[in-house]
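>>> Sequence below, structure please.
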Amino acid sequence: MIDFIQGKVIYRDTEKVVIDFNGIGISVNIPDNLSVEGKVKLYTYLMIKDEEVKLYGFKTREDRDLFLRLISVSGIGVKNAMSMLSSFSSDELIDIIERGDVSTLSSIHGIGKKTAQRIIFELKGKLDFYTNELIEDIVEALVGLGYDKRSSMKVAIEVTKQTKNIEEAIRLALQKLSQKG
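Numbers count the residues shown, from 1 in each chain. Model prediction:
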């Protein structure tokens, strides 16, 4: 598998970019809402189906992992998964699935009520891959202080976007949790 591609964007339309990779133009399908300009690094998924080869690109490994989880759901193809990732950020989509919000999920083009229910049924509680060691340490500390794991995970993901220092992250997480409670 091609883990990522790095190069300069030389062309962009709504569904794809062409990246100059050492003098070769590589076409990469991307979510509509992904902002890419100049030099970029995209984490990729190579799909080979019948006689068609397509490369899909995402801003982060986590976004790509979410895409892979989405296409693992029965009846969800790459078109539906890209539509979901074009409609919402990965964080928003994970939150929608974890809350079991069928109406919001089914508002996405190509996703009906039954499909939304299937996605929630198959993925709810299984999207904790969206984590790293720092997040795990913060969650462990917060759970040790009596907070529930789900709220702790959500806040930990949020605060690690602001700082990578564990003490500061825990302090920010406690502030956020105390404001909610």
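>>> Point out where the protein drops to low pLDDT.
In the predicted model of the chain, residues 128-132, 181 satisfy pLDDT under 70.
>>> and the longest helix anywhere in it, what does it pack onto?
Determined from DSSP state H, the single longest helix within the chain is helix 166-180. Of the remaining helices and strands, those touching helix 166-180 by 3 or more Cβ pairs under 8 Å, 6 or more residues apart in numbering; DSSP states H and E are helix 133-144, helix 149-159. Yep, even glycine has a C-beta here, placed from its N, CA and C like the rest.
>>> Find the residue closest to Lys16 in space, skipping its chain neighbours.
The spatial neighbour of Lys16 that comes closest, neighbours along the chain excluded (Cβ to Cβ, 6 or more residues apart in numbering), is Asn29 at 4.9 Å.
>>> ok, the nearest residue to Ile2 once chain neighbours are set aside - contacts?
Once flanking residues are discounted, Ile2 sits nearest to Thr44: 5.0 Å by Cβ to Cβ, 6+ apart. Contacts for Thr44 were tallied using Cβ atoms under 8 Å, 6 or more residues apart in numbering; they are 1-5, 28, 55-58, 64.
>>> What of Lys114?
Applying Cβ under 8 Å, 6+ apart, we find Lys114 in contact with no residue.
>>> Could you measure from the residue of the chain positioned farthest from its centre over to Lys8?
Ranked by distance from the centre of the chain (Cα atoms, centre = their mean), the top residue is Gly23, with 29.9 Å. Plainly put, Gly23 is 11 Å away from Lys8 if you go by Cβ to Cβ, to the nearest Å.
>>> coming back round to it: please report phi then psi for the residue farthest from the centre of the chain.
phi 90, psi 0 (degrees, to the nearest 10).
>>> From Gly38, how far out is it?
On the measure of Cβ to Cβ, Gly23 and Gly38 end up 17 Å apart.
>>> what angle separates the longest helix of the chain from helix 149-159?
120 degrees (axes from the mean of the first three to the mean of the last three Cα atoms, to 10 degrees).
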